[in-house]
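K.L.:
What shape does this take:
(chains A and B)
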Amino acid sequence: MAQLAPISIDSLAARAAAGERDAVEALVARWSGAIRRWTLASLGDVQRADDAAQDAVEKLLKGLPSYDPQRPFEPWLRQIVRNASTDQHRRRRRRKEDPEVEMAHRDDPGRALDLAQGARRALDAFGTLTERQRSVLMAVDHDGHSVSEVAQTLDIGASTVRSVLCKARRAVRLRLLSEDPELAALLEDP
Amino acid sequence: MTCADVRQRLLQGSSDTRAELEPHLRTCHDCRRLAAAIDGIDAELHGALDEVLSRPLAVPAPPARRFSMAIPAVVLAAAASLVLALVPSVGGRSMGSFFPDFGLSSTEVEDVIRGAEILGDDDLSAAQWGDRRDRLFGLWKDDSVSDEEARFRLLAQIGRSASLAGEIRAPYFVQQDGGMVNHFLAEAAAMNEASGGALLTKASPQVVALILGVDPSGQADAEALVKLARDNATIPWNALSESDWGERANQLLDAYVLSHDELQGEELFVVLCQLGRAAENANMASGPHYQKVDGTWVNVAWHAAATLVVARPALLDTVHDSSLRATVGFYVEQVRSGDLPPRNRDDVP
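P.N.:
Residues are numbered from 1 along each chain as shown, chains lettered A, B, ... in the order given. Just a heads-up that it's a prediction; the model follows:
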C-alpha cells in the first residue's frame, strides 16, 4: 500500500545518492516506518518482514548511487521493498521444500524478535490475514487514516475498504477469542 | 437487538459503532465481557504493531568492494572487444577465463542483477542503457556467476539492456536468417526452454515478454501471446507481488490488443482467462481491466471469456485451476441469466 502521508524527501535522497553518510542515515530513519509497514503488509510474518525490511535497506544503500534525483523517491523505494519482500517469499518457498532447513531457520534464536507473548499472539493472528486486509487494518485501526483516505490511496471503493476492514477485524478477534473457551462459548451460544 | 446481533457487531465493528451498542452492553454482563475482551485484543494488536513498526532499521557500513561497478563503460567495452576477437561464442561461457577475476560475491552479483531488474524501461536513456548493458556484460564474463537462475536473469537483463540501448551491434546482436537477433535474449530463451519453462517464473516481468518473443513495440504475434498466457497459468497467485501481477496484466493486455484477432477457440479463451487472473491478482479493481456494468465493476477479460463459454460450454472444462474455473463459471451464470450482457472480444479493454 502506498504511503498515505508522503514525506517530501527528494533533496535528502539526492544527498544520500551523492554519498553523504548523514543523509543516508536520516533517509533510512525517515522511511523505516514505511518500509516496515510495506514488508509486514506483504509478508504477514513479523520475523520475515523484519528480514525483508533489513534486506531492503541494504539494497537501498547499494542502489542509491544509481538513483536519479530527478525522479520521485517513493516509487523507487517501494519497488526495492517489494523486491525484498518477493525475495523473502521465494526463500521461504525454497525452505519449505526442505523441512529440515525450514525448522532450523524457524528455531534460530538469533532471528527471534524480542516480543511479549501477548504481542506475539496478536501479531500471529494479524499474520493470518490477506495482504490487503493487513494493509487496510494497519492504515485505519493503527495509523488512524479514514476509510475514504484508504479507498483513495488504494483506488478502490469505500464500501470495499469497509468490507475488508470488517473481515480483517473479525478474523483477528475470532482467532484470539477462540483461545479462551469461555469467550469462545459466548460466540457459539449467545 | 439480540445478544447474537450485538456479538456479531462487536466482532467486526470499531469503537465508533460501539456507542450504538452501549444500551445493550449496560444491561448484559456476557456481552459486556466480550466487548472488554475485544478491546483488550485491539489494544494488544495496536501495541504490538507500535512496537514492531517503530523499531529503527540498522544502516550497515558501506561495503568494501573489491571491484567497483563504476568502472568506466569504455574500459569494459574495450575488454569486451578483446574477448570478441578471441572468442566468437557468447553462450559458451568459455570467455570468462580471458578476464581477471573481479571477485564479486554472490550477494554483489545478486545486487547488480536486481539493480537492473528494478529499473523501468523509461528510467534510463538509451545511452545509459548502453552503459548498463556493458557493465552487465562485464559481469557475465566473470565466471563467478555460477547459479543457474542468476545466470538466466543476467542473460535476460543484458539482452533487455541491449534492446533498450537501441544499438544493433555485436556481441549483443548476431546475424541470423538474414536479420539481426538479440543474442542474449535468445540464450535466455534457450535456457528457459531447457528448464521446461521453470526459469521464466524467476524473470522480472519486463523481460518475460521479450524472452517469449512478444515485442511490446507492436510486433507481437498470437503464438507468443498464447505462450505468455500459458506461462502465466503456471505461476501461483502468491508467487508474485501485486505490482508484478499488474505488470503481467498490462503486458498481456498490450499483446492482446495487438494480436487477438488471430486467436480463436481455446487459445483465445486461455488468454482471456489469464489476463483476467493477472488483473485480479494485481488487485486492479479499476480500468482498463475492470469496467462498470450497471453499476457493478466487472473483470472485462473474464466477462469476455464467460461469453465464449456461453457459446461453447466445453471451454470451461479446459480450465484446470478450480478457483479460476469457479470464478469464470460465476460470470458465465451471470451472462446466461442476463444479469450481464454478452461482451465481445473486441470490447477488451
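K.L.:
what's the helix or strand for the most centrally placed residue in chain A?
P.N.:
Closest residue to the average C-alpha location of chain A: residue A:40 at 2.0 Å, with C-alpha atoms, centre = their mean. Using DSSP states H and E, residue A:40 sits in helix A:21-43.
K.L.:
Kindly report the same for residue B:323.
P.N.:
Assigned by DSSP H and E, residue B:323 falls in helix B:322-337.
K.L.:
Could you export that helix as CSV, keeping only the C-alpha atoms?
P.N.:
This file holds the C-alpha atoms of helix B:322-337, laid out as CSV (Å, rounded to 0.1, in the frame of the first residue of the first chain):
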residue,chain,number,x,y,z
SER,B,322,-10.5,-24.9,-9.8
SER,B,323,-10.6,-21.4,-8.4
LEU,B,324,-10.3,-19.8,-11.8
ARG,B,325,-13.0,-22.2,-13.2
ALA,B,326,-15.4,-21.2,-10.4
THR,B,327,-14.8,-17.5,-11.0
VAL,B,328,-15.3,-17.7,-14.7
GLY,B,329,-18.2,-20.0,-14.1
PHE,B,330,-19.8,-17.3,-11.9
TYR,B,331,-19.5,-14.9,-14.8
VAL,B,332,-21.0,-17.5,-17.2
GLU,B,333,-24.0,-17.8,-15.0
GLN,B,334,-24.4,-14.0,-15.0
VAL,B,335,-24.3,-13.8,-18.8
ARG,B,336,-26.6,-16.7,-19.1
SER,B,337,-29.2,-15.2,-16.7
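K.L.:
Name the residues of that helix that are buried.
P.N.:
B:324, B:325, B:327, B:328, B:331, B:332, B:334, B:335 (16 or more other C-beta atoms under 10 Å in any protein chain shown). (C-beta placed from N, C-alpha, C; glycine too.)
K.L.:
now swap in stretch A:147-155 and tell me
P.N.:
Neighbour-count burial for stretch A:147-155 [16+ other C-beta under 10 Å]: A:147, A:149, A:150, A:151, A:153, A:154.
K.L.:
Need the three-state assignment for the closest residue to residue B:181 other than its chain neighbours.
P.N.:
Counting by C-beta to C-beta, 6 or more residues apart in numbering or on different chains, residue B:174 is the residue found nearest to residue B:181 once chain neighbours are left out, at 5.8 Å. Put simply, residue B:174 is strand when judged by DSSP: H, G, I helix; E, B strand; the rest coil.
K.L.:
And for residue B:174, the neighbour number?
P.N.:
17 (other C-beta atoms under 10 Å in any protein chain shown).
K.L.:
Confirm for me that it is in contact with residue B:185.
P.N.:
No: in this structure residue B:174 lies outside contact range of residue B:185 using C-beta atoms under 8 Å: 11.1 Å.
K.L.:
any idea how chain B splits into domains?
P.N.:
Annotated domains of chain B cover B:1-36, B:76-208, B:224-349 [automatic domain parsing].
K.L.:
before we move on, what SS does the residue in the stretch 51-200 of chain B positioned nearest to chain A have?
P.N.:
Using C-beta to the nearest C-beta, the single residue of the stretch 51-200 of chain B nearest to chain A is residue B:57, 4.3 Å away. Three-state call for residue B:57 (three-state DSSP): coil.
K.L.:
Which residues are in contact with residue B:9?
P.N.:
For residue B:9, the contacting residues are B:17, B:20, B:21, by C-beta atoms under 8 Å, 6 or more residues apart in numbering or on different chains.
K.L.:
any idea what it is structurally, helix, strand or coil?
P.N.:
helix.
K.L.:
Next, count neighbours for residue A:178.
P.N.:
Neighbours around residue A:178, by other C-beta under 10 Å: 12.
K.L.:
Also residue A:182?
P.N.:
Other residues lying near residue A:182 total 11 when counted by other C-beta under 10 Å.
K.L.:
in which helix or strand would I find it?
P.N.:
Going by DSSP H and E, residue A:182 is in helix A:181-188.
K.L.:
One more: residue A:161?
P.N.:
helix A:158-177.
K.L.:
same check, this time on residue B:133
P.N.:
helix B:126-140.
K.L.:
ok, is that helix in contact with chain A or not?
P.N.:
No: Helix B:126-140 stays clear of chain A (C-beta under 8 Å from any C-beta of the partner chain), getting no nearer than 8.8 Å.
K.L.:
which phi and psi does residue A:180 have?
P.N.:
phi -110, psi 110 (degrees, to the nearest 10).
K.L.:
Revised request: answer the last question for residue A:115.
P.N.:
On the backbone of residue A:115 - angles per degrees, to the nearest 10 - the values are phi -130, psi 150.
K.L.:
That one contacts residue B:47, doesn't it?
P.N.:
No: with contacts counted by C-beta under 8 Å, residue A:115 stays clear of residue B:47, the gap being 10.2 Å.
K.L.:
for stretch B:130-142, what is the average pLDDT?
P.N.:
Averaged over stretch B:130-142, pLDDT sits at 79.
K.L.:
Ok, stretch B:50-58 next?
P.N.:
pLDDT averaged over stretch B:50-58 gives 89.
K.L.:
Quick one: end-to-end distance for that stretch.
P.N.:
In stretch B:50-58, first residue to last residue: 18 Å (C-alpha to C-alpha, to the nearest Å).
K.L.:
One more: stretch B:189-199?
P.N.:
First residue to last in stretch B:189-199 (C-alpha to C-alpha) measures 9 Å.
K.L.:
Contacts for that stretch next, please.
P.N.:
By C-beta under 8 Å, 6+ apart, stretch B:189-199 touches B:91, B:148-149, B:151-152, B:155, B:188, B:200, B:203, B:211-213, B:231, B:234.
K.L.:
residues of that stretch that come out buried?
P.N.:
Buried residues in stretch B:189-199, counting neighbours by 16+ other C-beta under 10 Å, are found at B:189, B:191, B:192, B:199.
K.L.:
again with stretch B:255-270
P.N.:
Applying 16+ other C-beta under 10 Å to stretch B:255-270 flags B:255, B:256, B:258, B:259, B:260, B:263, B:267, B:268, B:269, B:270 as buried.
K.L.:
Farthest-apart pair in those, please.
P.N.:
Across the buried residues of stretch B:255-270, no pair lies farther apart than B:258 and B:269, at 18.2 Å, counting by C-beta to C-beta.
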